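Chemist: Everything below, folded, please.
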Amino acid sequence: QVQLVETGGGLVQAGDSLRLSCAASGRPVNSFTMSWFRQTPGKEREFVSGITWNGGRTDYADAVKGRFTVSRDNAKSMVYLQMNSLKPEDTAVYYCALRWKPVVEIPITPNEYVYWGQGTQVTVSS
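Modeler: The predicted model follows:
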């Protein structure tokens, strides 16, 4: 089993920055893609960003390209999401997810991911 715990959410104003962190524990996660998703009430969970096992590839949703940056530190079993120039439409619960397949892919559909964190709320006021 793997446990994922997100931290770093909060209430900020438009234009501000936040850095989300995801700590993995239980089993080594160094070989697997990890991604960030977000969800608002009444909507499906949507892909935000992902990173392959060694950071060699990253991917971003069009809505966040140029503003968000994903990174990971395998020595610490951590994944990060630096969010700059936040907009009210970025308001959501953000989830960290782990794909339990040792392939160099970044799926954008939630059902490709086996492990999920509990989520952290990000609220951006206008």
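Chemist: Looking at strand pairing, list the partners for the one residue sitting closest to the centre of the chain.
Modeler: The chain has residue 36 as the residue nearest its centroid, 2.1 Å off, counting by C-alpha atoms, centre = their mean. Per DSSP bridges, the residues bridged to residue 36 are residue 49, residue 96.
Chemist: Could you check how far it is from residue 48?
Modeler: Noted for residue 36: a distance of 4 Å to residue 48, by C-beta to C-beta, to the nearest Å. From N, CA and C alone the C-beta is placed, and that goes for glycine too.
Chemist: Would you mind grabbing the residues shared as contacts by those two?
Modeler: Residues touching both residue 36 and residue 48 by C-beta atoms under 8 Å, 6 or more residues apart in numbering: 81, 94.
Chemist: about what we covered before: which ones are touching the residue nearest to the centre of the chain?
Modeler: For residue 36, the contact set (C-beta under 8 Å, 6+ apart) comprises 20, 22, 47-50, 70, 79, 81, 94-97.
Chemist: Can you list the buried residues in stretch 93-102?
Modeler: 93-99 (16 or more other C-beta atoms under 10 Å).
Chemist: Equivalent analysis for stretch 99-114, please.
Modeler: Here stretch 99-114 shows 99, 106-107, 110, 112-113 as buried, counting by 16+ other C-beta under 10 Å.
Chemist: Check stretch 63-71 too.
Modeler: In stretch 63-71, counting by 16+ other C-beta under 10 Å, buried: 64, 68-70.
Chemist: I'd assumed residue 70 was in contact with residue 83.
Modeler: No - in this structure, residue 83 is not within contact of residue 70 by C-beta atoms under 8 Å, at 10.0 Å.
Chemist: Show the model's pLDDT score for residue 19.
Modeler: With respect to pLDDT, residue 19 has a value of 98.
Chemist: Could you dump the buried residues of stretch 63-71 into CSV and include pLDDT?
Modeler: Shown next, in CSV, are the buried residues of stretch 63-71 (pLDDT from 0 to 100):
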residue, pLDDT
64, 98
68, 98
69, 98
70, 98
